[in-house]
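[1] Have a look at this fold, sequence not included:
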């Protein structure tokens, strides 16, 4: 291959990658096709792993799963009882309020872009692209789920576009947390009259109807006042760099 032909293919490949990266017209159908292939690959991989586990570690695996299932069933029954009693209390007092939260386990497909660990595609059945979903990992807030090209895209906590309502400290100082594409998160618009201190815990407020109230987000590292408000730098609790499964909150009530 002569130098001119090599240069031509190099330039063509660079232009193709640029168009693929910046053009939704090209990127959309290709992303859908790749996600379908990745989803099929994940299904096949899980089938093979489950078959191997079933063959070699069946007895131990079944015992562990039985114990976990027993614990989950117990917790589920307790939560059902509490929800039922709360709903009865609402009804007894002629309240229109009801509590019927819906949480669902979902699987990740792949990162959205090469080198960006803060955005991942998810596999969600009956996905509604008009809604924003809360995303949790082992009872910790992991981020939010938005629609991109009508497909579910998870914006993890550190993504700058990931934001939701929180309370800070025992005084329940309200604020809005978002990522900064760095290690820590930022809570903005905390009213100046609230006392916020280093070490205070940050939890979801539930006022945005994305998360339940009280889910753990992180703890305060530093506080700074600015234009009548306070901004707090917080260390997030969720730090997983190899996400495979999450829970999404389909409805808060």
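    Yes, it's here. None of these values were measured; they are calculated from a predicted model.
[2] From now on I want contacts and neighbour counts done on CA atoms only, so please keep to that.
    Will do.
[3] which outside residues touch stretch 150-159?
    For stretch 150-159, the surrounding residues in contact (Cα atoms under 8 Å, 6 or more residues apart in numbering) are 112, 118-124, 127, 129, 135, 141-147, 161-163, 178-185, 236, 238.
[4] Now do the contacts for the closest residue to residue 200 other than its chain neighbours.
    Excluding the flanking residues, the one nearest residue 200 by Cα to Cα, 6 or more residues apart in numbering is residue 169, at 4.6 Å. Counting by Cα under 8 Å, 6+ apart, residue 169 makes contact with 196-197, 200-202.
[5] Just the buried ones from the contacts of stretch 150-159?
    Buried members of the contacts of stretch 150-159, scored by 16 or more other Cα atoms under 10 Å, are 112, 118-123, 129, 135, 141-147, 161-163, 178-179, 181, 184-185, 236, 238.
[6] out of those, which are inside helices?
    Among those, no member falls in helices (DSSP state H).
[7] which regions of the protein sit below the pLDDT cut-off?
    1-62, 65-66, 69-88, 90, 95-101, 241-242 (pLDDT under 70).
[8] returning to what we had before: between the contacts of residue 169, which is closest to residue 246?
    Among those, residue 202 lies closest to residue 246 (Cα to Cα), at 20.4 Å.
[9] So which residues of the protein form helices?
    Applying DSSP H to the chain gives helices spanning 3-22, 24-56, 58-92.
[10] picking that back up, which of the buried ones among the contacts of stretch 150-159 fall in strands?
    Mapping the buried ones among the contacts of stretch 150-159 onto strands (DSSP state E) picks out 119-123, 135, 141-147, 163, 178-179, 185, 236.
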